[in-house]
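**Student:** no FASTA, just this:
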Ligand SMILES: O=c1ccn([C@@H]2O[C@H](COP(=O)(O)OP(=O)(O)O[C@H]3O[C@@H](CO)[C@H](O)[C@H]3O)[C@@H](O)[C@H]2O)c(=O)[nH]1
Ligand SMILES: [Mn+2]
């Protein structure tokens, strides 16, 4: 198990409701610093349970801190969480939704999701050759026969994507036709997503190495005033995976699980997602075809190149993508204002 890295971790929570869920996480989260992003009405008071060390930002704070660049941070959408990624100074970020609770593994033991994410992030990934016994660095597992020794050191892990029991993260059409579906299947595995393969990244139980990939973990312009919602984490997932593949970093998915308690309204979600259901048939082939030049040697440089290509290739799909590409550039400008560009060489920050 990874050591407690509490000096190197920020927990980022977007919220429009109360934070009572933190009581459930207290044994695991209390040693850590929280960055709470209060979305929606800034005059509403958000109560944080006693005993937590936190900083809280509402929309007025975001506007005051970023000035004109604040327009790259979404309003009335969980995508606002990426402001927390921007202002953090820590090596690792864990972001969690406020309707997610501690899950139990099949033995009935409570799952310390954060500890498992940190373990995932501090052990290598294997994107170049699939290990059929899954995570080879796990206690009691290893590389199987036929696995090349030249690849057994693995690569640095940039993203750890956790899953959820109970309410599944379905898109609105699926949720509308299968409202009673509950995810009861606990799969005891962590997989590295192979190089060249995209995946639908969900942000409700997500951790990443901010120094390696933080600059590309931008959640786009979604929600209020935008023709798209609930594709914030999808966009960030596609961008970060393409950047990780280019820079030689790994992305893991699987354990840890948490308990997703609340289904959001599928009718509201359908309105938010509607364009995305069509546009994803264009967005995904775009990301599958992206080639980043060798001169891009860190996440910021890769991201600016991605913004350029997204404008060229997706702008004709809808003018929204021109605005999104511009917002991606603004994000990097803000990122570099807040963080002296981390010169990351060979995966060590
Ligand atoms: O306007 C808003 C709405 C929500 N939030 C905060 O964002 C997260 C997620 O909200 P919620 O749990 O209601 O949404 P889900 O449909 O369950 O989850 C989706 O959100 C994305 C991942 O977070 C992804 O699209 C789906 O998993 C909560 O913390 C809300 O408080 C917000 O800040 N502003
Ligand atoms: Mn939810």
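**Tutor:** Cool, the structure landed. It should be emphasised that the depicted structure is a prediction, and the values quoted were computed from it without experimental measurement. Ligands and ions are numbered 1, 2, ... in the order given.

**Student:** Tell me which residue in the stretch 1-150 of the chain sits closest to ligand 2.
**Tutor:** residue 99 (4.2 Å; CB to the ion). Backbone N, C-alpha and C define where each C-beta goes, glycine included.

**Student:** Reduced to three states, what does the residue lying closest to that residue once chain neighbours are set aside come out as?
**Tutor:** Leaving aside its sequence neighbours, residue 99 sits nearest to residue 262 (CB to CB, 6 or more residues apart in numbering; 4.1 Å). Secondary structure, DSSP: H, G, I helix; E, B strand; the rest coil: residue 262 is coil.

**Student:** Helices along the chain, start to end?
**Tutor:** Taking DSSP state H as the test, the helices found in the chain are 21-29, 59-66, 82-87, 113-122, 172-177, 210-213, 232-247, 266-289, 299-314, 319-338.

**Student:** looking at these, which is closest to ligand 1?
**Tutor:** Ranking the helices of the chain by proximity to ligand 1 (CB to the nearest ligand atom) places helix 232-247 first, at 5.2 Å.

**Student:** Where does the stretch 1-150 of the chain get nearest to ligand 1, which residue?
**Tutor:** residue 78 (2.7 Å).

**Student:** Could you give the bridge partners of the closest residue to that residue other than its chain neighbours?
**Tutor:** Leaving aside its chain neighbours, residue 78 sits nearest to residue 14 (4.6 Å; criterion: CB to CB, 6+ apart). For residue 14, the beta-bridge partners are residue 37 (DSSP bridges).

**Student:** ok, now which ones touch residue 14?
**Tutor:** Residue 14 sits next to 37, 39, 78-81, 84, 95, 97-98 when contact means CB atoms under 8 Å, 6 or more residues apart in numbering.

**Student:** one more time with 7 Å, if that's ok
**Tutor:** Taking CB atoms under 7 Å, 6 or more residues apart in numbering as the contact definition, residue 14 lies against 37, 39, 78, 80-81.

**Student:** what would those look like in TSV with neighbour count and pLDDT?
**Tutor:** Formatted as TSV, the contacts of residue 14 follow (neighbours: other CB atoms under 10 Å; pLDDT from 0 to 100):
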residue	neighbour count	pLDDT
37	28	98
39	27	98
78	26	96
80	26	98
81	29	98
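
**Student:** Would you tell me which residues of the protein are close to ligand 1?
**Tutor:** 14-17, 39, 76-78, 80, 97-99, 169, 202-204, 223, 230, 233, 264 (CB under 6 Å from any ligand atom).

**Student:** Repeat the analysis, applying 8 Å as the threshold.
**Tutor:** Within reach of ligand 1 by CB under 8 Å from any ligand atom, the chain has these residues: 13-17, 37-40, 76-78, 80-81, 95-100, 167, 169, 202-204, 223, 229-234, 260, 262-264, 269.

**Student:** If any of the residues you listed are buried, give me the ChimeraX selection for them.
**Tutor:** Buried residues among the residues of the chain next to ligand 1 (16 or more other CB atoms under 10 Å), as a ChimeraX selection:
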select :13,14,15,16,37,38,39,40,76,77,78,80,81,95,96,97,98,99,100,167,169,202,203,204,223,229,230,231,232,233,234,260,263,264,269
